[in-house]
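Undergrad: Any chance you can model this:
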Amino acid sequence: MISKVISGINEGIDGQLIAVETDIYRRGLPKFNIIGLPDNAVKEAKDRVKSAILNSKIQFPNGVITVNLAPASIKKTGSMFDLAIAVSIVKATGQVKSTSETDFFFSGELSLDGSIRKVAGLLPVILKAREMGICRFFIPRQNAAEAAVIDGITIIPADTLEEVIAVLNRTKELSPVPHVEFSSLAGKDIAPGCGPRPDFGDIAGQLETKRAVEIAVAGRHNILMIGPPGAGKSMLAARIPGIMPDLSFQEALETTKIYSSKGLLDDNCSFITRRPFRSPHHSSSEIALIGGGSLIQCGEISLSHNGVLFLDEFPEFNKNVIQALREPLENRSITISRASGSMSFPANLLLVAAMNPCPCGFLGDEKRSCLCSSIHIQKYYQKLSGPILDRIDIHVNVPRIDVTKLNVRNNDSHYTTSAMKERIQKAVEMQKRRFGSASFRYNCQLSNEEIFEFCRMTPEMQNFLNRTVDKLALSLRAYFKILKLARTIADLDGSPDLTIYHLSEAVQYRILDRYNHLFSL
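TA: Take a look at the predicted model:
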């Protein structure tokens, strides 16, 4: 007898439905085969499934059992098929009442005693199954919360294989997981490693840097902070997610899919509602940052999607790693190609980089002398190529904190997290009205044609910008970056038109272009 049930597999951050077909041939010596391009974890499922069936007081058939995972052209990995294989075998023996092939979706790892364990990457598969018309899902109880926000489906959480078979035979009922409205989660600040939000008001001084950070967030402009050790660069970066607009449901769903595919969701973080903040160490490899591997997976740049990627000690990263950022920063996505195929991952993020002004950290410092030679400084900056700096809109100096300002930090209510977020939200609303809510983008994503439409300049402004570009020998990309930056500054001021003051401030955030003769870029 042949039976068929539906399961699925996670490919990158997308789901792929897999048909689990079982044929039992009663003659011949007992044998259990799993075919359909399985990896070792899938091949080992036959031992887990057999023990789980026997320990669940269910009859295990004698004979030749052949389980096919279709389509056979897709590599099958992991333990997501255990429950589906077990149900398919029990169904093939006639121990389960006949059901339509597409009635249910099954996924979960089986323990030897028949209990069902949590699996990674389930949310993308559930979304794909819903697209294909499947609406009832048997999944591990530990995975139920991540799918509860998805409407139009019935999630049946199960603890054991015996429970699943009993429900299919209608001898037992399991209560489905209640649907959870996203609005009820939006204020809970759920994210991996989520803790209390730090406030910008806790940072003394640095008003110019806070202004630059506010502009960066309002228009989603990448920012590079340059300053001596202890100036507060990391503190500023850690507070940036708190002033970003709240995640929409679609953004939260995209982010949760990515974390689900990497197995980074847990009981305390089942659906992400807080913008992610990723801060990989400067020793991270290109694969860790960008993604890849023999089984292609996303890297830190995709885990930062809809959030912040903070790269501290930016020039200390391997030069190849820095150069690999060029495509995702420009296209806001990354395509990874290997001999086995290619996958695309989203990378719509805000890059926040930080660095010292020189290897010792004290170039230009008023209190301490720099000990670096000109050759060491030149080699330090050579890792930051022109194309990379062109993709970072804002270069801002973060000076040493004056200790006399430590006692006046609470008097500055203009640069608290709540005040900054309110101004940023107004600037974002202006961008929504400009581009239309259906095709909303930030100013950093303006096309060249849109720049000429929304960043119109007077002859005086055009002359000023032309002289600036000529003097600094800026690239055409940097020219357009300045205009996009000026558009965001105008939005924060509530101005529908650009002024020469907006252009002047935008030019001030290209300090590495202004001093490129010193750094030999």
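Undergrad: distance between the helix or strand containing Val217 and the chain's centre?
TA: Element membership of Val217, judged by DSSP states H and E, is helix 207-219. Here the centre of helix 207-219 is set off from its chain's centre by 22 Å, with Cα atoms, centre = their mean, to the nearest Å.
Undergrad: Can you name the residues in contact with the helix or strand just after that helix?
TA: Going down the chain from helix 207-219, the next helix or strand is strand 223-226, by DSSP H and E. Strand 223-226 is contacted from outside by 209, 212-213, 216, 233, 236-237, 314, 350-357, 389, 392-398, 511-512, using Cβ atoms under 8 Å, 6 or more residues apart in numbering. In this view, the C-beta of every residue, glycine as well, is placed from N, C-alpha and C.
Undergrad: So Phe106 versus Ala148, what's the distance?
TA: 18 Å (Cβ to Cβ, to the nearest Å).
Undergrad: hang on, the earlier thing: what about the contacts of strand 223-226, which are in strands?
TA: Leu350, Leu351, Val352, Ala353, Ala354, Met355, Ile394, His395, Val396, Asn397 (DSSP state E).
Undergrad: Report the contact partners of the fourth one.
TA: With contacts defined as Cβ under 8 Å, 6+ apart, Ala353 is in contact with Asn222, Ile223, Leu224, Met225, Phe310, Leu311, Asp312, Phe314, Ile392.
Undergrad: which one of the residues you listed sits closest to Glu366?
TA: Met225 (18.3 Å; Cβ to Cβ).
Undergrad: And the closest one, how far from Gln206?
TA: For Met225, the distance to Gln206 - Cβ to Cβ - is 10 Å.
Undergrad: joint contacts of those two?
TA: Common neighbours of Met225 and Gln206 (Cβ under 8 Å, 6+ apart) are Leu236, Val398.
Undergrad: hmm, back to that, pull out the buried residues from the helix holding Val217.
TA: For helix 207-219, a neighbour-count test (16 or more other Cβ atoms under 10 Å) marks Thr209, Lys210, Arg211, Ala212, Val213, Glu214, Ile215, Ala216, Val217, Ala218, Gly219 as buried.
Undergrad: what is the mean pLDDT for stretch 314-333?
TA: Per-region confidence: stretch 314-333 scores 92 on mean pLDDT.
Undergrad: Show me what counts as buried in it.
TA: Phe314, Pro315, Glu316, Phe317, Val321, Ile322, Ala324, Leu325, Glu327, Pro328, Leu329, Arg332.
Undergrad: So which of those are in helices?
TA: Val321, Ile322, Glu327, Pro328, Leu329 (DSSP state H).
Undergrad: I'd say the first one and Ser283 touch.
TA: No: the criterion here is Cβ atoms under 8 Å, and Val321 misses it with Ser283 at 9.7 Å.
Undergrad: need the next SSE after the longest helix anywhere in the chain, C-terminal direction.
TA: Across the chain, the longest stretch assigned as helix under DSSP H is helix 417-435. Next helix or strand after helix 417-435 toward the C-terminus (DSSP H and E): helix 448-454.
Undergrad: Please save the CA atoms from that next one in CSV.
TA: What follows is helix 448-454, C-alpha atoms only, in CSV (Å, rounded to 0.1, in the frame of the first residue of the first chain):
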residue,chain,number,x,y,z
ASN,A,448,18.8,59.2,-10.2
GLU,A,449,15.7,60.3,-12.0
GLU,A,450,13.9,60.8,-8.7
ILE,A,451,16.8,62.8,-7.4
PHE,A,452,16.4,65.4,-10.2
GLU,A,453,12.7,65.5,-9.4
PHE,A,454,12.8,65.7,-5.6
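Undergrad: Any buried residues in that helix, and which?
TA: Glu450, Ile451, Phe454.
Undergrad: ok so, going back, out of Phe106 and Ala148, which sits in the busier spot?
TA: Phe106 (26 against 20; other Cβ atoms under 10 Å).
Undergrad: For the more buried one, list each beta-bridge partner.
TA: Phe138 (DSSP bridges).
Undergrad: still on that earlier bit, which strands and helices lie in contact with the longest helix of the chain?
TA: Packing contacts for helix 417-435, counted by 3 or more Cβ pairs under 8 Å, 6 or more residues apart in numbering; DSSP states H and E, involve helix 207-219, helix 476-492.
Undergrad: any chance of these in a markdown table, with distance to Ile165 too?
TA: What follows is the helices and strands packed on helix 417-435, written out as a markdown table (distance: least, Cβ to Cβ, whole Å):
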| stretch | distance to Ile165 |
| --- | --- |
| helix 207-219 | 52 |
| helix 476-492 | 59 |
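Undergrad: Pipe these into a markdown table and attach distance to Gly36 and mean pLDDT per row.
TA: Rendered in a markdown table, the data for the helices and strands packed on helix 417-435 read as follows (distance: least, Cβ to Cβ, whole Å; pLDDT from 0 to 100):
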| stretch | distance to Gly36 | mean pLDDT |
| --- | --- | --- |
| helix 207-219 | 47 | 94 |
| helix 476-492 | 48 | 92 |
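Undergrad: what's the domain layout of the protein?
TA: Split into domains by automatic domain parsing, the chain comes to 2-168, 188-519.
Undergrad: Can you say which of these is nearest to Val177?
TA: Going by Cβ to Cβ, the one of the domains of the chain nearest Val177 is domain 2-168, 4.2 Å.
Undergrad: First-to-last residue distance for the closest one?
TA: Start to finish, the residues bounding domain 2-168 are 18 Å apart (Cα to Cα, to the nearest Å).
Undergrad: switch to numbering from 14
TA: Understood, numbering begins at 14; the last thing we discussed is domain 15-181.
Undergrad: Give me the distance from the longest strand along the chain to the chain's centre.
TA: Counting residues, the longest strand in the chain under DSSP E turns out to be strand 27-38. Taking Cα atoms, centre = their mean, one finds the center of strand 27-38 at 30 Å from the center of the full chain.
Undergrad: Show me what counts as buried in it.
TA: In strand 27-38, counting by 16+ other Cβ under 10 Å, buried: Asp27, Gly28, Gln29, Leu30, Ile31, Ala32, Val33, Glu34, Thr35, Asp36, Ile37.
Undergrad: Buried residues, the longest helix of the chain. List them.
TA: Under 16+ other Cβ under 10 Å, the buried positions of helix 430-448 are Thr430, Ala432, Met433, Lys434, Arg436, Ile437, Ala440, Val441, Met443, Gln444, Arg447, Phe448.
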